[in-house]
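Novice: Predicted structure and sequence below. I'll ask about it afterward.
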Amino acid sequence: QVQLVDSGGGLVQAGGSLRLSCAASGRPFSNYAMGWFRQAPRKEREFVATISRSGGRTQYTDPVKGRFTISRDNAKNTLLLQMNSLKPEDTAVYYCAAVRVYSDSYYIRPGEYDYWGQGTQVTVSS
C-alpha cells in the first residue's frame, strides 16, 4: 500500500495563493492515479482535481478551473496543487488520494480511491 502525507495548508486572504503538497511512500508512486478532494464543514467530501499516473491527463471541478493546477513529480513521489485567486468558498480541509491503476486513467469519485492523506486545512478570509 501507499502512505500519503498532506501539507501546505494555511490561512490566506481572498485573492491569495497556496501550494499544497502530498508526499507518497511505500509503493512506486507512478503506479497510482492521484486526486485532490476537499471537505467543508457540514458538507460532503468533493472532488477538486485529478491527474493520471504519467501526469499527462488532468481534470478539474468547474469552480476551480483556471485557478488551480494539479501536477506530480514521479521522481520525487510528490503530488502538488497550486491554488491561485483563492476565494472564501475554497475554505475546506483538503485531502490527497491515490488509486492503483493499470492505464493512464484518472478518477473523480472519492469511492474510487483506496488511500488518503490526513488532510490539510485551507482557510480563505474575505
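Specialist: Looks like it came in fine.
Novice: Centroid-nearest residue for this protein?
Specialist: Nearest to the mean C-alpha position of the chain, by Cα atoms, centre = their mean, lies residue 36 at 2.2 Å.
Novice: which other helices and strands contact the helix or strand harbouring residue 93?
Specialist: Assigned by DSSP states H and E, residue 93 falls within strand 92-100. When contacts are defined as 3 or more Cβ pairs under 8 Å, 6 or more residues apart in numbering; DSSP states H and E, strand 92-100 packs onto strand 3-7, strand 18-25, strand 32-39, strand 78-83, strand 115-116, strand 120-125. All C-beta atoms are positioned from the backbone trio N, CA, C, and that covers glycine.
Novice: With just CA atoms, put the second one into CSV.
Specialist: Right, the one you point to is strand 18-25. Taking C-alpha atoms only, strand 18-25 is exported to CSV below (Å, rounded to 0.1, in the frame of the first residue of the first chain):
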residue,chain,number,x,y,z
LEU,A,18,-1.3,28.5,-1.6
ARG,A,19,0.5,25.4,-2.8
LEU,A,20,-0.5,22.0,-1.3
SER,A,21,1.9,19.1,-1.3
CYS,A,22,1.3,15.4,-0.9
ALA,A,23,4.3,13.1,-0.1
ALA,A,24,3.8,9.5,-1.0
SER,A,25,5.8,6.5,0.2
